[in-house]
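Novice: coords please:
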Amino acid sequence: MFRVDPKTVTRWAKAGKLTSIRTLGGHRRYREAEVRALLAGIPAQRTEA
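Specialist: Reported below is the predicted structural model:
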């Protein structure tokens, strides 16, 4: 969706631009609303789940 390298999205998550949820297998999942907001250029608000 972002048309960037997956490592870039991982860096965004570490920088706080996206909230990531780790699966049991170690993969990252991102909230759809946050992804769409970032694509639209809306600053993300981090919420702890």
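
Novice: quick one: residues contacting the residue positioned nearest the centre of the chain.
Specialist: Against the mean C-alpha coordinate of the chain, by CA atoms, centre = their mean, the closest residue is residue 18 at 3.3 Å. Going by CB atoms under 8 Å, 6 or more residues apart in numbering, residue 18 touches 9, 12, 30, 31, 34, 35, 38, 44. C-betas here are computed from N, CA, C, even on glycine.

Novice: that one is in what secondary structure piece?
Specialist: When elements are assigned from DSSP states H and E, residue 18 belongs to no helix and no strand.

Novice: local confidence estimate at it?
Specialist: pLDDT for residue 18: 88.

Novice: try the one 4 residues further on
Specialist: Note on residue 22: pLDDT of 91.

Novice: ok, and the closest non-adjacent residue to it?
Specialist: Once flanking residues are discounted, residue 22 sits nearest to residue 28: 6.1 Å by CB to CB, 6 or more residues apart in numbering.

Novice: wait, that neighbour sits on residue 14?
Specialist: No - with contact defined as CB atoms under 8 Å, residue 28 does not reach residue 14; the gap is 10.2 Å.

Novice: the more surrounded of the two?
Specialist: Taking other CB atoms under 10 Å, residue 28 and residue 14 do not tie; residue 28 has more neighbours (14 against 10).

Novice: from residue 41, how far out is that one?
Specialist: Using CB to CB, to the nearest Å, residue 28 is found at 22 Å from residue 41.

Novice: what's the answer for residue 18, then?
Specialist: 14 Å.

Novice: pLDDT on stretch 41-49, on average?
Specialist: On average, stretch 41-49 scores 60.

Novice: all helices for the protein, in order.
Specialist: For the chain, the helices defined by DSSP state H cover 6-15, 32-40.

Novice: how about the shortest one: buried residues?
Specialist: Which is helix 32-40. Applying a neighbour-count criterion of 16 or more other CB atoms under 10 Å, one finds 34, 37, 38 buried in helix 32-40.
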